[in-house]
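Q: using only what follows, build the 3D model:
(2 chains)
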Amino acid sequence: MTDLNDFRTILRQPDPDQRPLDIAQIMIKGARVRRRHRLAVGATSGLAVVALLIGGSQVVRLTSPTPTATAPSVQFGAPGLPEVPDDGRLGEVVPTGLTLPSGGEWVLAMKRIDSPDLADTSIGITLGVRQADGTIVDGTTSNETEGSDRSAGFHAVTGAMNVDGEDIPPFGYYVGTAAKITATVKGKTVRAGQAAWSEDPSVVLFWFPPKSHLSNLAAFDRENRLLPTGNTKIGVG
Amino acid sequence: MARGDDEFVEFAQASSARLLHAAYLLTGNRHQAEDAAQSALVKTYAAWGRVRRKDAYAYARTVLTNLVTDQWRRPFREHATETMPERPLPRDLADDVTRRQWLVGALDALSAKERAVIVLRHFFDLTETDVARELNLSLGTVKSLNARGLAKLRVSVDPPVTAPRKSSDRTSTSGGTRR
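A: Numbering: from 1, shown residues only, chains lettered A, B, ... in the order given. Sure thing, here's the model as predicted:
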């Protein structure tokens, strides 16, 4: 038998064959990921938009429609907090019916993406939390970084992950006449929750319950015919 | 370079070797370990704005663990045996090369979950509760996996007479997975 302390010492013994990681390369790749998971993008206002984090201090409140053309259904700012300009949401916020153990409901919305690096991408999808008082805290936004954001098929699929102790439900959007979206979870076919985008019914927002680790994403039309898959790559983190 | 970038470089320089070593212990494969450690740092840099003021190392460790445990759900995986091949730790503890070879072979004989629990518990020194949270397993399952893993590794958890065991270090075989 080996003593536990000896074993721990061996575990922590430096490995001389280990090659150092290329930190510059890591930062280049990280910057790309950061662009893909844009938290918020300032556009017409010309102001930097505050990144809204789950559990963070900045919140937006859904109240009456705002007069801006780009974000017709939301108004910004909450009592006691600085005015937040424009969160870039497009169309109606979609309730998922999924609640968080800590309270609140996961919601989805399409979001405006305006980046000079992404010529073919103008929309993304964002996951947020509607709290008991109606305020919405935005979380992760995902968007395409290669190819068109409106080509037929899946887009911006984000997998299940755990952020700050919260299990994030997988989500994404599909472009096409998807009447049913499914994935394989633990060997079983599971149907996604889905809703058409208020601004364009050919865009379908979808989601699965937290901890659903997806494979074999598929979309079907009303006649149960398989539709094009597009980009089914699942991003995490 | 932005100030945050300077901080990240400092963080990465300080933590990358440890994360890479952990990745190697978790995967047993140098290429996979480099990919996983690099990906963990890539994601940490991508989230740097919100993790730099928190525990960035814990964030990177969690991402690394998620990347490795994600392999559990893939169709091709190794199947660990219930019994450990007789390969005791060499008596000559001064022989670092031999000890490393023993370690890699010994960890390879564990199941993926046993291996992850052992590395998180004994390399990162996480509590069993933190390991359970990190791996999304119940506490009882973590205790069971830890005990089984150490037994397969032929590691004795009996403390020296002069060092009484803490209650949190006790192991148990009860509990089930939440997955």
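Q: quick one: low-confidence ranges for the chain?
A: You didn't pick a chain, so chain A it is. For chain A, the stretches with pLDDT under 70 are A:1, A:35-87, A:116-117, A:164, A:235-237.
Q: try chain B instead
A: For chain B, the ranges with pLDDT under 70 are B:1-3, B:71-94, B:156-179.
Q: list the contacts of whatever residue of it ends up closest to chain A.
A: Across chain B, the shortest distance to chain A (Cβ to the nearest Cβ) belongs to residue B:45, at 3.0 Å. C-betas here are computed from N, CA, C, even on glycine. Counting by Cβ atoms under 8 Å, 6 or more residues apart in numbering or on different chains, residue B:45 touches A:26-27, A:29-31, A:33-34, B:8, B:12.
Q: quick one: buried ones out of those?
A: Buried positions within the contacts of residue B:45, assessed by neighbour count (16 or more other Cβ atoms under 10 Å in any protein chain shown), are A:26-27, A:29-30, A:33-34, B:8, B:12.
Q: just the ones of the contacts of residue B:45 in strands?
A: In strands, judged by DSSP state E, none of the contacts of residue B:45 are found.
Q: Throw the residues you listed into CSV and include distance to residue B:58, thanks.
A: Shown next, in CSV, are those (distance: Cβ to Cβ, whole Å):
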residue, distance to residue B:58
A:26, 18
A:27, 20
A:29, 21
A:30, 18
A:31, 22
A:33, 19
A:34, 20
B:8, 15
B:12, 15
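Q: which among those residues gets closest to residue B:70?
A: residue A:33 (16.1 Å; Cβ to Cβ).
Q: may I ask you to name the longest helix in the chain?
A: Because you didn't say which chain, this covers chain A. helix A:23-36 (DSSP state H).
Q: try again with chain B
A: If you go by DSSP H, chain B has its longest helix at helix B:3-27.
Q: that one and chain A in contact?
A: Yes. Using Cβ under 8 Å from any Cβ of the partner chain, helix B:3-27 reaches chain A at B:5, B:8-9, B:12-13, B:16-17, B:20-21, B:24-25.
Q: so which bits of the helix or strand just after that helix are buried?
A: Going down the chain from helix B:3-27, the next helix or strand is helix B:30-46, by DSSP states H and E. Buried positions in helix B:30-46, judged by neighbour count with 16+ other Cβ under 10 Å: B:32-34, B:36-46.
Q: stretch A:153-172 too?
A: In stretch A:153-172, counting by 16+ other Cβ under 10 Å, buried: A:153-163, A:166-172.
Q: nearest residue to the most centrally placed residue in chain B other than its sequence neighbours?
A: Geometric centre of chain B, nearest residue: residue B:119, 2.6 Å, by Cα atoms, centre = their mean. Distances taken as Cβ to Cβ, 6 or more residues apart in numbering or on different chains put residue B:25 closest to residue B:119, at 4.7 Å, once the chain neighbours are dropped.
Q: I'd guessed the one you found sits against residue B:121; true?
A: No. Counting by Cβ atoms under 8 Å, residue B:25 does not reach residue B:121; the two are 11.6 Å apart.
Q: can you report how many residues neighbour residue A:16?
A: 8 (other Cβ atoms under 10 Å in any protein chain shown).
Q: kindly report the same for residue B:140.
A: Neighbours of residue B:140 under the rule other Cβ under 10 Å: 17.
Q: skipping adjacent residues, who's closest to residue B:68 in space?
A: Of all residues not flanking residue B:68 in the chain, residue B:26 sits nearest, at 4.6 Å (Cβ to Cβ, 6+ apart).
Q: just give me the closest of the contacts of residue B:45 to residue A:7.
A: Of those, the one sitting nearest to residue A:7 (Cβ to Cβ) turns out to be residue B:12, at 28.5 Å.
Q: I'd guessed that closest one sits against residue B:42; true?
A: No. With contacts counted by Cβ under 8 Å, residue B:12 stays clear of residue B:42, the gap being 10.2 Å.
Q: got any residues that touch both of these two?
A: Both residue B:12 and residue B:42 are contacted by residue A:26, under the criterion Cβ under 8 Å, 6+ apart.
Q: could you check the angle the longest helix of chain B makes with helix B:30-46?
A: Between helix B:3-27 and helix B:30-46, the angle comes out at 150 degrees (axes from the mean of the first three to the mean of the last three Cα atoms, to 10 degrees).
Q: got the contact list for helix B:3-27?
A: If you take Cβ under 8 Å, 6+ apart as the criterion, helix B:3-27 is touched by A:11-12, A:14-15, A:18, A:20-21, A:23, A:26-27, B:1, B:30, B:32-34, B:36-37, B:40-41, B:44-45, B:48-49, B:52, B:56-57, B:60-61, B:64-65, B:68, B:71, B:103, B:107, B:115-116, B:119, B:123-124.
Q: helices of the chain, start to end?
A: In the absence of a named chain, chain A is used. In chain A, the helices defined using DSSP H lie at A:4-11, A:23-36.
Q: wait, chain B was what I had in mind.
A: Along chain B, counting by DSSP H, helices occupy B:3-27, B:30-46, B:48-51, B:56-70, B:96-108, B:112-122, B:128-135, B:139-152.
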